[in-house]
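K.L.:
Structure here, sequence nowhere to be found:
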């Protein structure tokens, strides 16, 4: 799917998963949630436009595969559309969407492992719309050699992240890439803040070891 293409989903809804992302103003989620509950299709399109970049990047970092991440992102938005009427607002709209995305990504990984599918990472797997795990070179100022080295570093980082235990990988991605607070992560995963901090610490340590082994 191209950067501006629209995917036709169920119920005739068009879901653009890689278009430009809009910024959600503070407090806007409550109003957006109300409109979603009222069945406003414009509100659903606004939700997708506002959060598609974050949701896709989260799915991509958890799965390491662009096509699977697109599928997970679309499934997450459709689940919101189908079940928003039953959502009681016990967590924020954003954290609810993140929780759905994490669960969908976990389901996809289990599907892979049941079929013994091994993930592969190409030099192009981390595209321009996928946020990096570490500082990346600017495409404008970098030489072709620097760009290639940056992509190789990114590939190794993604490969190392993929070796982490699922709970650790999710916690590290939510904290260090999505930049959620400890409280937001606890709300998203429905665990205690103490457990969040423990998973992040252990995940970071394991990731550091994997990167040292790979020479990153």
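P.N.:
Yes, it's here. Since this is a predicted model, take the numbers as computed values, not measurements.
K.L.:
Any buried residues in whatever helix or strand residue 69 lives in, and which?
P.N.:
Per DSSP states H and E: residue 69 is located in helix 66-83. Within helix 66-83, the residues scored as buried using 16 or more other Cβ atoms under 10 Å are 66, 68-81. Bear in mind the C-beta positions are built from the backbone N, C-alpha and C, glycine included.
K.L.:
do the same with stretch 199-214
P.N.:
Across stretch 199-214, burial judged by 16+ other Cβ under 10 Å covers 199, 200, 202, 203, 204, 206, 207, 210, 211.
K.L.:
Kindly report the same for stretch 36-48.
P.N.:
Of the residues in stretch 36-48, 36, 43, 44, 46, 47, 48 count as buried by neighbour count, 16+ other Cβ under 10 Å.
K.L.:
could you give the angle of the helix or strand hosting residue 34 to helix 66-83?
P.N.:
Secondary structure assignment for residue 34, by DSSP H and E: helix 28-37. Here helix 28-37 points in a direction 70 degrees away from that of helix 66-83 (axes from the mean of the first three to the mean of the last three Cα atoms, to 10 degrees).
K.L.:
Helix 28-37 and the next helix or strand along the chain from helix 28-37, what's the angle between them?
P.N.:
Using DSSP H and E, the helix or strand that follows helix 28-37 in sequence is helix 41-63. Per the same axes, to 10 degrees, the angle that helix 41-63 makes with helix 28-37 is 110 degrees.
K.L.:
who does helix 41-63 touch, helix- and strand-wise?
P.N.:
helix 28-37, helix 66-83, helix 93-114 (3 or more Cβ pairs under 8 Å, 6 or more residues apart in numbering; DSSP states H and E).
K.L.:
CSV please, covering the ones you listed and showing distance to residue 178 and mean pLDDT.
P.N.:
Listed next are those as CSV, based on distance: least, Cβ to Cβ, whole Å; pLDDT from 0 to 100:
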stretch, distance to residue 178, mean pLDDT
helix 28-37, 16, 85
helix 66-83, 14, 92
helix 93-114, 8, 84
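K.L.:
Which one of those helices lies nearest to residue 183?
P.N.:
Closest to residue 183 of those is helix 93-114 (Cβ to Cβ; 9.4 Å).
K.L.:
Filter the buried residues of stretch 199-214 down to just the ones in helices.
P.N.:
Assigned to helices by DSSP state H, the following of the buried residues of stretch 199-214 qualify: 199, 200, 202, 203, 204, 206, 207, 210, 211.
K.L.:
could you list every residue that touches the second one?
P.N.:
The contact partners of residue 200, by Cβ atoms under 8 Å, 6 or more residues apart in numbering, come to 168, 171, 172, 175, 176, 185.
K.L.:
Secondary structure added to the residues you listed, as TSV?
P.N.:
Output for the contacts of residue 200, formatted as TSV (DSSP: H, G, I helix; E, B strand; the rest coil):
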residue	secondary structure
168	helix
171	helix
172	helix
175	helix
176	helix
185	helix
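K.L.:
which of those lies closest to residue 161?
P.N.:
For the contacts of residue 200, the residue nearest residue 161 by Cβ to Cβ is residue 172; the value is 7.2 Å.
K.L.:
The closest one against residue 208, yeah?
P.N.:
No. Under the criterion of Cβ atoms under 8 Å, residue 172 is not in contact with residue 208, lying 10.7 Å apart.
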